[in-house]
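Q: how would this look folded up:
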Amino acid sequence: MRRRSSTFRRRAIGQGACGARPLRGQLVGHDDIEVYAGEDRSKVRAVLRGLRQQSEKGPGRPNLCLADYVAPKDSGRPDWVGAFAVTAGIGLDAVCTAFERDNDDYSSILAKALADRLTEALAERLHERVRHGVLGLRTRRANDVATLVAERYRGIRPAPGYPACPDHTEKRTLFDLLDVPKSAGITLTESCAMLPAASVSGWYFAHPEAHYFGLGRIGRDQVADYSARKGWRLKKSSAGWRRTWRTRRKGLGWAHESG
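A: Numbers count the residues shown, from 1 in each chain. All right, here's what the predicted structure looks like:
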């Protein structure tokens, strides 16, 4: 098993791909972030749509949105967000098909598992390079794995489709900004799943107070508002979110479907 995994690991590392880019961004109304095409910030290149928590919380605990981690446009302070996409799954299908043709399902499963782990490692390494090389945030000793595992560093990399930003369609904006199919060899299906499957993409936020959170339940008012900002009809958005949202008769009416 060790020999097989080592062989595939060397092969996957040699075929891995990644793309990352800092983006000029400012918070605008409705919890959205504008991304600009140039340093003068006169032309909007894209808009990242955000959703805000709506659950009741105790004193001093705000309802969060990822846009909170970017400076407001009217503050006069230029700010940045980042985007990335990585994969260690290029060529994986051919490798697994060959294993399965030889009735070696074990090796096929092992290859897929290793590709997943290598992709996560690549995402972690790329984030580290952004923190150190782009932002100059050297907050840990070299090779301090415990710090990485515990995420005791500044910044987060939330992914579209996960708790803080559960709308998978935001990947289309990310893929357009980075030209991901060309830069990293990753494509999106109609339902916004990534191919190869061993791929990770997301946003970088470097605000000192940035941390991961779950959106949780939101109300129909925000669903309607978000749909309008996305240019969707409410009926269409409800149908498109059935994989992620469910209607409830009690409470706020809409909930994030985890798992």
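
Q: and the closest residue in space to residue 174 that isn't next to it in sequence, what helix or strand is that in?
A: Setting aside the residues directly before and after it, residue 174 is nearest to residue 83 in space (CB to CB, 6 or more residues apart in numbering), at 5.1 Å. The way it works is simple: take the backbone N, C-alpha and C, and place the C-beta from them, glycine included. Assigned by DSSP states H and E, residue 83 belongs to strand 79-87.

Q: Would you mind pulling up the elements that that strand packs against?
A: strand 17-28, helix 105-129, helix 170-178, strand 199-204 (3 or more CB pairs under 8 Å, 6 or more residues apart in numbering; DSSP states H and E).

Q: What ranges does the protein have for its strands?
A: Assigned by DSSP state E, the chain shows strands spanning 17-28, 32-36, 44-48, 79-87, 187-188, 194-195, 199-204, 218-219, 245-247, 253-256.

Q: The fourth one to strand 32-36, inter-axis angle?
A: If I follow you right, that is strand 79-87. 90 degrees (axes from the mean of the first three to the mean of the last three CA atoms, to 10 degrees).

Q: and strand 79-87, which residues are buried?
A: Residues 79, 80, 81, 82, 83, 84, 85, 86, 87 are the ones in strand 79-87 that count as buried (16 or more other CB atoms under 10 Å).

Q: Now those in TSV, please, with extra columns for pLDDT and distance to residue 123.
A: Formatted as TSV, the buried residues of strand 79-87 follow (pLDDT from 0 to 100; distance: CB to CB, whole Å):
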residue	pLDDT	distance to residue 123
79	90	23
80	90	19
81	92	16
82	92	12
83	93	12
84	94	7
85	94	9
86	94	5
87	93	10
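
Q: Pick the one among the residues you listed closest to residue 103.
A: residue 87 (27.4 Å; CB to CB).

Q: domain assignment for the chain?
A: Domain ranges of the chain: 2-216, 217-259, per automatic domain parsing.
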